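*Asks:* missing the sequence, but the structure's below:
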């Protein structure tokens, strides 16, 4: 893995950084193809939105693009990660008046996922971990991901590919590393993220692109029972793309709807 910290080669930050002490920061994970960050405009827009929500200064898009380019030069396929913290601060929760953010950009090799997951679908389970509700953080890809860590620790079976998360109200919110969609005819329903959850970049992209294929993507309050009523369920994130869900808790879900396949084909055309 190659890394730049505030534009300089390195892999270490001070122990006084607020990202380490409090999870005070945000991040984005980006697919690299032929040395370029894929769907960069969408990624940066989401990074900037999250930074604004936390009152973090956001680096210029051209600066980040240049740093990713330095590390990704010659990389056919890889993974870039951008981490932005509030930087060093005095002891205590109060935000420093003079914020000097820490900017970390890295590029690593592509570990990849078996292609049959996108083709044939994945196996998912319910997680026992429940998401808390905090509207101030809802949707933000912030650095405190302990709920997701605990949820992902609930299974070790390699044939189980994802876990679905409910919140304290009993509503479906997301999976441990992906957003969730339920297809009903020409409607695609996805959970509201006004109380919790992560608003993935690909979720934004789907809201903009689904109408091209005649689908209406809508946010809704969704309960567990509604997954069994859907004609198709699929997942998204910037590295997996779109995965149809084949089984939930060991029971098969419908696979005949063309929606996910059509969106996968559209996504494959994007740089």
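*Replies:* Looks like it arrived, so ask away. What you are looking at is a predicted structure, and each value in this text was computed from that prediction instead of being measured. Numbering: from 1, shown residues only.
*Asks:* what's the burial count for residue 141?
*Replies:* Counted with other Cβ atoms under 10 Å, the neighbours of residue 141 add up to 18. In short, each C-beta sits where N, CA and C put it, glycine included.
*Asks:* my guess is it contacts residue 27, does it?
*Replies:* Yes: if you go by Cβ atoms under 8 Å, residue 141 and residue 27 touch, sitting 6.0 Å apart.
*Asks:* List the contacts of residue 143.
*Replies:* When contacts are counted by Cβ atoms under 8 Å, 6 or more residues apart in numbering, residue 143 is found next to 19, 23-27, 83, 85.
*Asks:* leaving aside the residues next to it on the chain, what's closest to it?
*Replies:* residue 23 (4.1 Å; Cβ to Cβ, 6 or more residues apart in numbering).
*Asks:* Roughly how far does residue 146 sit from residue 176?
*Replies:* Note on residue 146: its distance to residue 176, by Cβ to Cβ, to the nearest Å, is 12 Å.
*Asks:* Also residue 195?
*Replies:* To residue 176, residue 195 is 18 Å away according to Cβ to Cβ.
*Asks:* got it, and residue 225?
*Replies:* As for residue 225, its distance to residue 176 is 21 Å (criterion: Cβ to Cβ).
*Asks:* Residue 206 too?
*Replies:* Distance from residue 206 to residue 176, by Cβ to Cβ: 19 Å.
*Asks:* residues in contact with the spatially most central residue of the chain?
*Replies:* Among the residues of the chain, the one closest to the centroid is residue 200, at 4.1 Å (Cα atoms, centre = their mean). By Cβ under 8 Å, 6+ apart, the contact set of residue 200 is 46, 141, 178-179, 236-238.
*Asks:* ok, back up a step: neighbour-wise, which of residue 225 and residue 176 wins?
*Replies:* residue 176 (21 against 8).
*Asks:* where along the stretch 151-271 of the chain do the helices fall?
*Replies:* For the stretch 151-271 of the chain, applying DSSP state H, counting those that start in this stretch gives helices covering 201-209, 225-229, 259-268.
*Asks:* Looking at the ones you listed, which is nearest to residue 122?
*Replies:* Go through these one by one with Cβ to Cβ and the one that ends up closest to residue 122 is helix 259-268, at 11.3 Å.
*Asks:* that older thread, list just the nearest of the contacts of residue 200 to residue 167.
*Replies:* Distances from residue 167 to the contacts of residue 200, taken by Cβ to Cβ, are shortest for residue 179, at 14.3 Å.
*Asks:* circling back: could you work out the most separated pair of the contacts of residue 200?
*Replies:* For the contacts of residue 200, and using Cβ to Cβ, no pair is farther apart than 46 and 178, which are 14.8 Å apart.
*Asks:* what pLDDT does the closest residue to residue 194 other than its chain neighbours get?
*Replies:* Nearest non-adjacent residue to residue 194, counting by Cβ to Cβ, 6+ apart: residue 138, 5.5 Å away. Residue 138 carries a pLDDT value of 98.
*Asks:* who's in contact with the closest residue to residue 219 other than its chain neighbours?
*Replies:* Once flanking residues are discounted, residue 219 sits nearest to residue 192: 4.6 Å by Cβ to Cβ, 6+ apart. The contact partners of residue 192, by Cβ under 8 Å, 6+ apart, come to 171, 219-221.
*Asks:* Buried ones only from these, please, as a PyMOL command.
*Replies:* A single PyMOL command selects the buried members of those (16 or more other Cβ atoms under 10 Å):
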select buried, resi 171
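*Asks:* Just name the closest of the contacts of residue 192 to residue 98, please.
*Replies:* After measuring those against residue 98 - Cβ to Cβ - the closest member comes out as residue 219, at 38.3 Å.
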